[in-house]
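Engineer: Prediction below, plus the sequence it came from.
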Amino acid sequence: MILITYSPEKPASEKVALYALKEFMRLEGAPDANGAEYLHDENGAPYFSGEDMPYVSVSHSGDYVVAAVSRFPVGIDVQRQKSIDFKSVCRRFDIDASDEKSFYEKFAAAEAKTKALRTPLAESLKSDNSDVAVFGFIPGYTLALFGEGTPFFTEYFPD
């Protein structure tokens, strides 16, 4: 299982991640994770303090914050689709995209895989990312998820 929590009001990443952890533990039937902290390692990757904590990945763009929690390495990315010179980015990173939609799908997929596998983005951009799930249910945004398990979506509303 991969629990994905998204919020359209751009609260602090920590709040969304901790909410996702609480819901994940509840769905898993695991002990409550009260007292767990949302921290970052020396490379900036997020994690939860405590024993037997699941993996976490967080992304934010535009008005959205998203978090993914799983027992396996997981990566999530959200990209606000804005008009850019995607062709020059494609040339720079050797991305094969014919339009902005495919560019955002490929870029978000590479970002998600990079977060899960802790590989350089340039490497992920050049790899086969067909194993990354890409979602377009948020109008104007691309959401990509890499990890093992069935995704479950929840929405977070700040207090």
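Structural biologist: That came in fine, so what should we check first?

Engineer: Tell me the first helix or strand C-terminal of the helix or strand bottoming out on mean pLDDT in the chain.
Structural biologist: Within the chain, confidence by mean pLDDT, DSSP states H and E is lowest for helix 86-93 among all helices and strands, at a mean of 82. Sequence-wise, the next helix or strand downstream of helix 86-93 (DSSP states H and E) is helix 100-117.

Engineer: which outside residues touch that following helix?
Structural biologist: 45, 57, 59, 73-79, 81, 83-84, 86, 89-90, 95-97, 119-121, 123-125, 127, 129, 131-132, 134, 142-147 (Cβ atoms under 8 Å, 6 or more residues apart in numbering). No exception for glycine: its C-beta is placed from N, CA and C like everyone else's.

Engineer: by contact count, what packs against the least confident helix or strand of the chain?
Structural biologist: helix 100-117, helix 121-126 (3 or more Cβ pairs under 8 Å, 6 or more residues apart in numbering; DSSP states H and E).

Engineer: re the thing from before, mark which of the contacts of helix 100-117 are buried, thanks.
Structural biologist: Burial of these was assessed by neighbour count (16 or more other Cβ atoms under 10 Å); the buried members are 57, 59, 74-79, 81, 86, 90, 95, 97, 124-125, 127, 129, 132, 134, 142-147.

Engineer: Could you tell me which of these belong to strands?
Structural biologist: Secondary structure of the buried ones among the contacts of helix 100-117 is defined by DSSP state E; positions in strands are 57, 59, 75-79, 134, 142-146.

Engineer: so what's residue 75 bridging to?
Structural biologist: Taking DSSP bridges, one obtains residue 146 as the residues bridged to residue 75.

Engineer: Could you double-check that it lies in contact with residue 57?
Structural biologist: Yes: Residue 75 is in contact with residue 57 according to Cβ atoms under 8 Å; the separation is 4.9 Å.

Engineer: shared neighbours of the two, anything?
Structural biologist: Overlap of the contact sets of residue 75 and residue 57 (by Cβ under 8 Å, 6+ apart) consists of 68, 112, 115-116.
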